[in-house]
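K.L.:
I would like the atomic coordinates for the input below:
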Amino acid sequence: MEKLNWGIIGTGWIAHDMAAALKAVNGEVYAVCGTSMEKAAAFQKEYDVCAAYGSAEDMLADNKLDIVYIATPHNSHYEWMLASLKAGKHIFCEKAITVNSRQLEECAALAREKGLVICDGTTLFHMPLYKKLAKMIQNGAIGKVKMVQVNFGSCKEYDVTNRFFSKELAGGALLDIGVYALSFARFFMKSRPDAVLTTANFFETGVDETSGILLKNQDGEMAVIALTMRAKQPKRGIVAGEEGFIEIDNYPRAHKATITYTKDGRTEVIEEGNTENALLYEVQDMEEYVRTQGGTENLMLVRDAMQTMTAVRSQWGMVYPFE
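P.N.:
Predicted structure coming up:
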């Protein structure tokens, strides 16, 4: 099987984690670019990267490059996705993939036109546990799904200069951690929510700090979501059906779930995959999508989650300065 060459835009901590995953799967990282040649060269030395570039434009001009991994702040994802697609490269982009639906739909249309694959780093979509649970639900394990409950709370240190609290960098709980909660809800719902109710409290910089989100789709399924960025909550998701419910702790990279059956209270523990291999699963899925021109179902889930996040922010009246 022909090896696919990955290039990384950005040299922050998540780029380091992905470089390690790429080396584990492929044995190497093909290229990296940073905000300076010095940063790119340091990253190249640490991970024995084949080529280092001082600018993304130079890296994208490399004809040997197949897939671009975008590991920059949210506000720049759209720019680098468009540039990568125009250069004929497949894209694996960190979450949130864009800041709004308009940006993502434009990129998705260009990808279709060019026959390229777009995927994002919402890890749960790539974990083996979720693929197994989806089949179990499809086969009637918990009956008809009625309700999804999901929380995510991250207590970020008070620092008005941090990107998490910066409107200019598309900060706030929704795009940083809420994307996992919204994606969890969408994964277990038959269709995209078409009714959204929400309210939020805002940090002093104007980004969302806490929020509650209520969703309902045309199938009558509902989801209740709670997000906090200055208070810790367990990363916990529950999927409730007519015949039982599924509980998943630390759900973004979970490898274990517990099913409780309504009729007799019996519990069953489901284990699949390994949390430590989360990024390896992302790499493997992305490469399969590229080789088979697949990934359409994954992109549908990503687009639906982004449409919901866009609708949520619209109700809040929260607009980023660059939108």
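K.L.:
Could you list the buried residues of stretch 270-288?
P.N.:
For stretch 270-288, a neighbour-count test (16 or more other Cβ atoms under 10 Å) marks 270, 273, 277-283, 285-287 as buried. Using the backbone N, CA and C atoms, a C-beta is placed for each residue, glycine as well.
K.L.:
Go ahead and produce CSV holding the CA coordinates of it.
P.N.:
Taking Å, rounded to 0.1, in the frame of the first residue of the first chain, the C-alpha atoms of stretch 270-288 are listed here in CSV:
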residue,chain,number,x,y,z
ILE,A,270,-18.6,-2.7,26.7
GLU,A,271,-14.9,-2.2,26.0
GLU,A,272,-13.3,-1.5,22.6
GLY,A,273,-10.1,0.1,21.5
ASN,A,274,-7.7,2.0,23.7
THR,A,275,-7.8,5.6,24.9
GLU,A,276,-4.0,6.0,24.5
ASN,A,277,-4.3,5.2,20.7
ALA,A,278,-6.9,7.9,20.1
LEU,A,279,-4.8,9.9,17.6
LEU,A,280,-3.7,6.7,15.9
TYR,A,281,-7.3,5.9,15.1
GLU,A,282,-7.7,9.4,13.6
VAL,A,283,-4.7,8.9,11.3
GLN,A,284,-5.9,5.4,10.3
ASP,A,285,-9.5,6.6,9.5
MET,A,286,-8.2,9.6,7.5
GLU,A,287,-5.9,7.5,5.4
GLU,A,288,-8.7,5.0,4.7
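K.L.:
which residues are contacting it?
P.N.:
Stretch 270-288 has contacts (Cβ atoms under 8 Å, 6 or more residues apart in numbering) with 4, 6, 17-18, 20-22, 24-26, 67, 90, 92, 117, 119, 121, 123, 125-129, 131-133, 136, 250, 253-259, 294-295, 298.
K.L.:
And stretch 187-199, by the same measure?
P.N.:
Here stretch 187-199 makes contact (Cβ under 8 Å, 6+ apart) with 124-125, 130, 134, 137, 145, 148, 185-186, 211-219, 221, 223, 239, 301, 304, 307-308, 311-312, 315-316.
K.L.:
go again using 6 Å as the cut-off
P.N.:
Residues from elsewhere that reach stretch 187-199, judged by Cβ atoms under 6 Å, 6 or more residues apart in numbering: 148, 212-219, 221, 239, 304, 308, 311-312, 315.
K.L.:
Using neighbour counts, pick out the buried residues of it.
P.N.:
For stretch 187-199, burial by neighbour count (16+ other Cβ under 10 Å) applies to 187-189, 192-193, 196, 198.
K.L.:
Arg303: which element?
P.N.:
In the assignment (DSSP states H and E), Arg303 maps to helix 296-316.
K.L.:
Tyr69 touches Ile8, doesn't it?
P.N.:
Yes: assessed by Cβ atoms under 6 Å, Tyr69 is found in contact with Ile8 at 4.9 Å.
K.L.:
Start and end of stretch 23-42, how far apart?
P.N.:
17 Å (Cα to Cα, to the nearest Å).
K.L.:
and the spatially most central residue of the chain, what does it touch?
P.N.:
For the chain, Thr122 is the residue whose C-alpha lies nearest the centre (Cα atoms, centre = their mean; 2.2 Å). Going by Cβ under 6 Å, 6+ apart, Thr122 touches 95, 183.
K.L.:
hang on, Tyr130 in a strand?
P.N.:
No: the assignment for Tyr130, made by DSSP: H, G, I helix; E, B strand; the rest coil, is helix rather than a strand.
K.L.:
Show the pLDDT at the closest residue to it other than its chain neighbours.
P.N.:
Computed as Cβ to Cβ, 6 or more residues apart in numbering, the closest residue to Tyr130 that is not its neighbour in sequence is Leu124, at 5.6 Å. For Leu124, the pLDDT comes out at 98.
K.L.:
likewise Arg303?
P.N.:
98.
K.L.:
just Glu2 next, same as before
P.N.:
For Glu2, the model assigns a pLDDT of 86.
K.L.:
Kind regards, and thank you for your time.
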